[in-house]
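Asks: Take a look and give me a structure for this.
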Amino acid sequence: MSSRARAFLGVFALLAIGGMVVGPAPAVVADTSDFTFESMHAEYTVSREPDGTSRLDVVETIVAVFPDFDQNRGIIRAIPDRYLDVPQETVVTSVTDAAGAAVPFEAYNTGEFLELALGTDEFVRGRQTYVISYTQRHVIGAFADTASDEFYQDVNGTGFDQPFGRVSTSVRIAPDLASTLTGFTGCASGLAGSDTPCDVALGVDADGTSVFTAAVDELGPRETLTINIGFAPGTFVPGIPTEYVPAEPRPGTDTPQQPASGGTQFTDPPAWYWVLSIGHLLAVIGVVVAAITVRLRSSQKATGIIIIPQYSVPKDLNVMVAAHLAGRSRTAIPAQLISLAVRKNLRILDYPVTASGAEYTLQFLTTEGADALELQLLGALFGPAPVAGAVRELAPNDTVLGSSINAVSTAAAGQLGTLGYRGSRSTMGCVFPAIAFLLIFMAFGVLFVGIVASTFSIITVLGILAAFFGFFITIGAIRFAAPLTPAGQQQYDYLLGMKMYLELAEQERFRMLQSPDGAERVDIGSTTDIIKLYEKLLPFAVIWGVEDQWMRELEVRVHEAKLEPDWFASTRGFSSTSITSSLRGISTRATYTPPAAKNRSSSRGGGSSWSSGSGRSRSSFGSRSGGSRGGSRAGGGGRGGGGGGR
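Replies: Numbers count the residues shown, from 1 in each chain. Okay, here's the model as predicted:
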């Protein structure tokens, strides 16, 4: 490397690192991704223009379900505008709601995507429908590896962070193209690269239009439905690939700025500077390795411990404390409410009881058997001296109630130390970030010494970068939670045993209950006893996030015994669906806290997670380099895109 090149590299490193240090802090953007999509249906009409190029008319019907509080103003839909490096000339013709009324939107073309911000500055709640109509050109790819033209489409794309209840599509092929169809179709669903197959049905309309349909249910975040249809090679005239326009040169120049002649000339680094640079880099690596090693050792569980499935409720362990001990603090309140309900301390009503029309209501029954934390929770809900039969309607956005309830959960977390389940926090882990922070200044010191001595080493730049990354790695290695004591570890292992039991298949659980130990405690021949056991374990199913499965089994047993549990009342009767829905609604209202301030300066949300970030149209959710190779893979299509909330 010449001295001039090393000098230029050194200046570049200073500018880059300086930008990292003093650059503006990113704006705080509220998380608007916490919602779901009920469905998406895309209707595509493939036709051929007079010049032989392909044309696609698209109607997308997207149904989003937003939370019942002010979080979202609409959605972002990112439509890829390049395929195989060919611009697709996307033109949006309309955006409407389910009734056909126009939905305001803003369009922003990034060069690779056409991003549509749908909605206004007004918040929207609940079920919202968006119907997007647009046209594109050059949508058919000609692939040498399959010797065919292919319509290869990701319907919703792999750029959504939300799940979809159902994604479906219908592809209509113009009658004059029917003879060019090869008969090949493919369909896949899942994450990018998945080859999970799905069915494609073919029908023909009266006018000769061929209609291919496909659908898939329950797609998770970043999962897509992909369909591909083969045409005879040469059916369509391909578009002309174009590159992105390179950055403009500085005003008044024809070429990028070159270093000025003269000035300081850097020499090859002497041995002492190599030792200084390498020594600093090794120090950074050593601190990072030490921090990670200490964290791993502190996280290691005692050897020789075998987790045994447990089906009995732990004695003298409050449900909220158990949730915090298990690291599932968000489930503390809903699990405790279920526990109080099945123990007949309160009753859950999923219907209004007064003219106020609150959707969910809790009815107080008794304080009998409640511990101190449970009494505190009942007091927060019903007041200090509740009377049997008193009700508490849960209105949306009740910040006073939410603050009181969350204070009880915080008190339960504090019990971990009081009960001797967690020890004291160690400050030893903070030593490593402090050392790493000093090494950042040392890195610039090494660079400064080199500039003064008119020398430079690439190791210096690596040391600067390593010092910055090392600082954040050591912060991540700090163990903020106090370590478990032996008593806490024993309780945690017991909760893990309950989780193991809850996740077993029903036949395996019954086999355990028939063991010599279990047979004395549970009569599996009695449906009533099984229901009682399931009800006792229900709060812990909520803690471990398996309540849906557990409630479905409880529903079967309840209907089998022809019983109607009196701890839950619903106009829809006793069912797993109604219980789950009510539990989530009650939890949301009872623990409500105002959402973080939202950034109103941009209608496009906090960022484009669907963007590849590169200068070419090769994104993480669409193949741009080949055909289907005789099959179909999810995410292999070129035009799925993505989106999210705004």
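Asks: contacts, neighbours, all on C-alpha from now
Replies: Noted.
Asks: Would you quantify the distance from the closest residue to D217 other than its chain neighbours to S39?
Replies: Beyond its immediate neighbours in the sequence, the residue positioned closest to D217 (Cα to Cα, 6 or more residues apart in numbering) is R166, lying 4.3 Å away. Taking Cα to Cα, to the nearest Å as the measure, R166 falls 5 Å from S39.
Asks: Show me which of these two is the more surrounded one.
Replies: A count of neighbours by other Cα atoms under 10 Å puts S39 above the other of R166 and S39, at 20 against 17.
Asks: Give me the helix or strand of the chain that scores worst on average pLDDT.
Replies: The weakest-scoring helix or strand in the chain, judged by mean pLDDT, DSSP states H and E, is helix 3-22 (a mean of 45).
Asks: quick one, strands of the stretch 201-350 of the chain?
Replies: 201-204, 210-219, 224-231, 346-349 (DSSP state E, counting those that start in this stretch).
Asks: and E508, which of those is closest to it?
Replies: In this view, these are compared for proximity to E508 by Cα to Cα, and strand 210-219 is the closest at 27.6 Å.
Asks: Specify the helix with the largest residue count in this structure.
Replies: In the chain, with assignment by DSSP state H, the single longest helix is helix 271-299.
Asks: who does that one touch, helix- and strand-wise?
Replies: The criterion is 3 or more Cα pairs under 8 Å, 6 or more residues apart in numbering; DSSP states H and E, and the helices and strands that helix 271-299 contacts are helix 431-452, helix 458-476.
Asks: just the ones you listed: most buried one?
Replies: When neighbours are counted by mean count of other Cα atoms under 10 Å, the highest per-stretch mean among the helices and strands packed on helix 271-299 falls to helix 458-476, a mean of 21.
Asks: starting at the chain centroid, how far to that helix?
Replies: Computed by Cα atoms, centre = their mean, to the nearest Å, the separation of helix 458-476 from the middle of its chain amounts to 29 Å.
Asks: what's the answer for stretch 196-207, then?
Replies: When distances are taken as Cα atoms, centre = their mean, stretch 196-207 is centred 32 Å away from the chain's centroid.
Asks: How about stretch 364-382?
Replies: When distances are taken as Cα atoms, centre = their mean, stretch 364-382 is centred 36 Å away from the chain's centroid.
Asks: Could you export it as CSV, CA atoms only?
Replies: What follows is stretch 364-382 as a C-alpha-only set of coordinates in CSV (Å, rounded to 0.1, in the frame of the first residue of the first chain):
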residue,chain,number,x,y,z
PHE,A,364,-65.5,-9.9,43.6
LEU,A,365,-66.6,-13.0,45.6
THR,A,366,-64.3,-13.4,48.7
THR,A,367,-60.8,-12.9,50.1
GLU,A,368,-60.7,-16.4,51.6
GLY,A,369,-57.4,-18.1,51.0
ALA,A,370,-55.8,-15.0,49.4
ASP,A,371,-52.2,-14.2,50.4
ALA,A,372,-50.8,-10.7,50.9
LEU,A,373,-50.0,-10.0,47.3
GLU,A,374,-53.4,-11.3,46.1
LEU,A,375,-55.1,-9.1,48.7
GLN,A,376,-53.2,-6.2,47.3
LEU,A,377,-54.3,-7.0,43.8
LEU,A,378,-58.0,-7.4,44.9
GLY,A,379,-57.7,-4.1,46.7
ALA,A,380,-56.4,-2.4,43.5
LEU,A,381,-59.4,-3.8,41.6
PHE,A,382,-62.3,-3.5,44.1
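Asks: What mean pLDDT does that stretch get?
Replies: Model confidence over stretch 364-382 averages 91 on the pLDDT scale.
Asks: So which residues make contact with that stretch?
Replies: Residues lying outside stretch 364-382 but in contact with it, judged by Cα atoms under 8 Å, 6 or more residues apart in numbering, are 318, 336, 344-347, 385-392, 401, 404-405, 408, 411-412.
Asks: 6 Å - rerun?
Replies: With contact meaning Cα atoms under 6 Å, 6 or more residues apart in numbering, stretch 364-382 is reached by N345, L346, A388, G389, A390, S404.
Asks: Can I have the buried ones of these as a PyMOL selection?
Replies: The following PyMOL command selects only the buried members of the contacts of stretch 364-382, with burial defined by 16 or more other Cα atoms under 10 Å:
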select buried, resi 345+346+404
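Asks: can you redo the contacts of stretch 364-382 as CSV with distance to I435 and pLDDT?
Replies: Below are the contacts of stretch 364-382 laid out as CSV (distance: Cα to Cα, whole Å; pLDDT from 0 to 100):
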residue, distance to I435, pLDDT
N345, 54, 92
L346, 54, 92
A388, 60, 90
G389, 61, 88
A390, 59, 89
S404, 41, 87
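Asks: From the contacts of stretch 364-382, which land in helices?
Replies: S404.
Asks: so how far is stretch 66-86 off the chain centroid?
Replies: So, by Cα atoms, centre = their mean, the centroid of stretch 66-86 is 15 Å from its chain's centroid.
Asks: now that stretch: mean pLDDT?
Replies: Mean per-residue pLDDT for stretch 66-86: 90.
Asks: next one: stretch 587-598
Replies: For stretch 587-598, mean pLDDT is 64.
Asks: that's a helix at V400, yeah?
Replies: Yes. V400: assigned to a helix according to DSSP: H, G, I helix; E, B strand; the rest coil.
Asks: Show me the shaky parts of the stretch 1-150 of the chain.
Replies: Applying pLDDT under 70 to the stretch 1-150 of the chain flags the ranges 1-30.
Asks: how far away is the nearest residue to P163 once chain neighbours are set aside from V167?
Replies: What sits nearest to P163 in space, not counting adjacent residues and going by Cα to Cα, 6+ apart, is G220, at 4.2 Å. Counting by Cα to Cα, the separation of G220 from V167 is 11 Å.
Asks: what about those two, which has more around it?
Replies: Residue environment comparison for G220 versus V167 gives the larger neighbour count to V167, 23 against 17, counting by other Cα under 10 Å.
Asks: and the residue nearest to the more buried one when sequence neighbours are not counted, what does it touch?
Replies: Closest residue in space to V167, ignoring its immediate chain neighbours: M40 at 4.9 Å, by Cα to Cα, 6+ apart. If a contact means Cα under 6 Å, 6+ apart, then M40 has T61, I62, V167 as its contacts.
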